[in-house]
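>>> A predicted structure for the sequence below; I have some questions about it.
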Amino acid sequence: MEHQLQVLIACFLFTTLLILLRAFKNSQSSLNLPPGPRKLPIIGNLHLLAGCLPYGPHRPLLELAKRYGPIMHFQLGEVSTVVISTKEAAEKVLKTDDIEFADRPFVFAADILFCNCSDIGYAPYGEYWRQMRRILILELLSAKRIKSFKSIRREEVSSMMTTIGASEGSPVTLISLLLATNFTTISRSAFSNLGKKELALIPLLKQITKELGGFSLGDVFPSLKFLHVITGLKRKLVSLHQKVDRTLDEIIKEHREMKARVETRQTDDMVDVLLNLQEGGDLELPLTDANIKALVLDVFLAGIDSTSSVVEWAMAELIKNPDEMKRAQAEVREVFDQKGSVDEDGLHKLKYLHLIIKETLRLHVPGPLLMPRQNREKVVIDGYDIPPKTHVIINAWAMARDPSYWTDPGKFYPDRFLNSSVDYRGTDMQLIPFGAGRRMCPGVSLGEVTVELLLANLLFHFDWKLPNGMKPEDLDMSEGFGATVNKLHELHLVPSSYHPSSFH
Ligand code: HEM
């Protein structure tokens, strides 16, 4: 009986795959697709992805682009995929034809975890996405709102410095401290509280990041929906979603209860702001609790790993480049010595620190392939047909290291930006760590202030060296691949206080 069932399933799979193969051939034969590696039956080029882990596909894709050109076509299972590797081609997708490529591909994990992709990052382009993005930019991330959370940032960063000060002379694992500080800062800004419930979110967020950054067979064979079930992914995601949802429901309930008691906080947190908007009723589309939860999750997921990773990479580069480290410390100490601490309002004076951050974002793009885009209609780029529903991947990492735009691109050289107008705010395609166009990252300003504040504090309060007499040139700079590209091996550094009495 069991054997018969297995034969039946095998026949079913085989027939389905034959149908897919025929459909695929018919759909592609009349198109002038961009060049790309030879496709195998059924899987297309999926096998090429297999060798990319744990370092990620951005480097192998650059090698392939040298062979096939700046616009390449891949077939990943059923999914037509285009990879863009030069700024000229990126400009067409992110500027000239931005509106055509303003959609995101469907991701099963996001569909479950964000209640039908009702967050911003994975929402289909349209009215709902527009309203959510407007709320995020105007209500949660406006200059005024970011400023209103300034004291939270100051307290949390100061607490991190105290922890580091207590480890004087012994190695600290920088990324763990950065992640914890960024979590607590966002948690207090979003919920006001940092209790058991809020802390329970930490492992759940980690799990969600892993699921969203991972590979799922069902996503490259979207017509075979049962793959999500038989691989166990659906069950795992539903359970994860329920856990996060329960916690966020409780937090929202507490906020409502507080409002009902007509109690007010000194500063509205993000959930207060969203509940006020929900009640205010003058939105074009209703804002449900599910929408609020998806938006809050976006802030946590987008704001913690990315900024922590930038600071870790910047510190790793500075340790490897002691002259740059000395110059950065001299600058931050000159600006803040009199005050005795780093003050957010004075960060704009740190010119060299800004060059360091730019150079770090160039060399270590946190999301080397950005977030994929998708077109609804057929688009023609440089004479090539891009079929509808193609996943368009921009290799921002390749552009940030392209020798035709950068001198000595592998070198950490912050001064390259000294007399250069090139910036990372989406106009210069060779440097787009935040993406560009309509779906560009709306969190640039919060990301900037977070990274600047953390880095300035680390450089102001401590001198740093590698543990166990390790030499800077021996520091391993390999990348580990995930939703954000962190250092593969965590950076351990030994602090010694610059103001010996500050943190004891
Ligand atoms: C160093 C920090 C950060 C980096 C490098 C970064 C990078 C990115 C990138 C590359 C994208 C995709 C853009 C595109 O498709 O063109 C993105 C999207 C997004 N980011 Fe960020 N981000 C950072 C921080 C933040 C923060 C702090 C927030 C919010 C609190 C945030 C919220 C978002 C959202 C909501 C999207 C989706 C936008 C959409 O689809 O319309 N990000 N980010």
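Received it, and whenever you're ready, just let me know what you need. Numbering: from 1, shown residues only.

>>> gap between stretch 112-129 and the chain center?
16 Å (CA atoms, centre = their mean, to the nearest Å).

>>> do that stretch and the ligand meet?
Yes. Using CB under 6 Å from any ligand atom, stretch 112-129 reaches the ligand at 120, 121. C-beta here means a position set from N, CA and C on the backbone, and glycine is covered the same way.

>>> how far does that stretch stretch from start to finish?
Stretch 112-129 has its terminal residues 17 Å apart, counting by CA to CA, to the nearest Å.

>>> average pLDDT for it?
What stretch 112-129 shows for mean pLDDT is 96.

>>> tell me which residues in that stretch are buried?
112-115, 117-123, 125, 128-129 (16 or more other CB atoms under 10 Å).

>>> out of those residues, list just those in helices.
In helices, judged by DSSP state H, the following of these are found: 112, 113, 128, 129.

>>> export the residues you listed as CSV, with columns for distance to residue 368.
CSV is the format used below for those (distance: CB to CB, whole Å):
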residue, distance to residue 368
112, 26
113, 23
128, 29
129, 24
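
>>> what residue, apart from its backbone neighbours, is nearest residue 367 spatially?
Spatial nearest neighbour of residue 367, chain neighbours left out: residue 484 (6.3 Å); criterion: CB to CB, 6 or more residues apart in numbering.

>>> now that neighbour: how far from residue 470?
25 Å (CB to CB, to the nearest Å).

>>> go on, residue 190?
Distance from residue 190 to residue 470, by CB to CB: 39 Å.

>>> which of these two has more neighbours?
Higher neighbour count among residue 190 and residue 470: residue 190, with 26 against 14, using other CB atoms under 10 Å.

>>> show me what contacts the more buried one?
269, 270, 271, 296, 299, 300 (CB atoms under 8 Å, 6 or more residues apart in numbering).

>>> returning to what we had before: shouldn't the residue nearest to residue 367 be in contact with residue 306?
Yes. Contact criterion CB atoms under 8 Å: residue 484 and residue 306 qualify, at 5.4 Å.

>>> shared neighbours of the two, anything?
The contact lists of residue 484 and residue 306 share 366, 367, where a contact means CB under 8 Å, 6+ apart.

>>> hang on, the earlier thing: may I ask which two of the buried residues of stretch 112-129 are separated the most?
Spatially, the most separated pair among the buried residues of stretch 112-129 is 112 and 125, at 20.6 Å (CB to CB).

>>> what mean pLDDT does the host helix or strand of residue 177 have?
Element membership of residue 177 [criterion: DSSP states H and E] is helix 174-191. Across helix 174-191, pLDDT averages out at 97.

>>> can you give the contact residues for the next helix or strand after that helix?
As assigned by DSSP H and E, the chain's next helix or strand after helix 174-191 is helix 196-199. With CB under 8 Å, 6+ apart as the test, helix 196-199 has contacts from 187, 191, 247, 250, 251.

>>> put the buried members of these into a PyMOL selection.
The buried residues among the contacts of helix 196-199 can be selected in PyMOL (16+ other CB under 10 Å) with this line:
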select buried, resi 187+191+247+251
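
>>> so can I have a markdown table of the contacts of helix 196-199 showing distance to the ligand?
Converted to a markdown table, the contacts of helix 196-199 look like this (distance: CB to the nearest ligand atom, whole Å):
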| residue | distance to the ligand |
| --- | --- |
| 187 | 13 |
| 191 | 14 |
| 247 | 19 |
| 250 | 22 |
| 251 | 17 |
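
>>> most widely separated two among the contacts of helix 196-199?
Pairwise over the contacts of helix 196-199, using CB to CB, the maximum falls at 187 and 250, 13.9 Å.

>>> and residue 380, bridged to which residues?
residue 385 (DSSP bridges).

>>> mind checking how far it is from the ligand?
According to CB to the nearest ligand atom, to the nearest Å, residue 380 and the ligand sit 21 Å apart.

>>> which of the residues in the host helix or strand of residue 313 are buried?
Assessed by DSSP H and E, residue 313 sits inside helix 305-320. By 16+ other CB under 10 Å, the buried positions in helix 305-320 come out as 305-320.

>>> of all the residues you listed, which comes closest to the ligand?
residue 306 (3.6 Å; CB to the nearest ligand atom).

>>> dump the residue contacts of that closest one.
366, 367, 447, 484.

>>> at 6 Å instead, please
366, 484 (CB atoms under 6 Å, 6 or more residues apart in numbering).

>>> up against the ligand, what does the chain have?
Close to the ligand, as judged by CB under 6 Å from any ligand atom, the chain has residues 120-121, 133, 136, 298-299, 302-303, 306-307, 310, 366-367, 370-371, 433-436, 439-443, 446-447.
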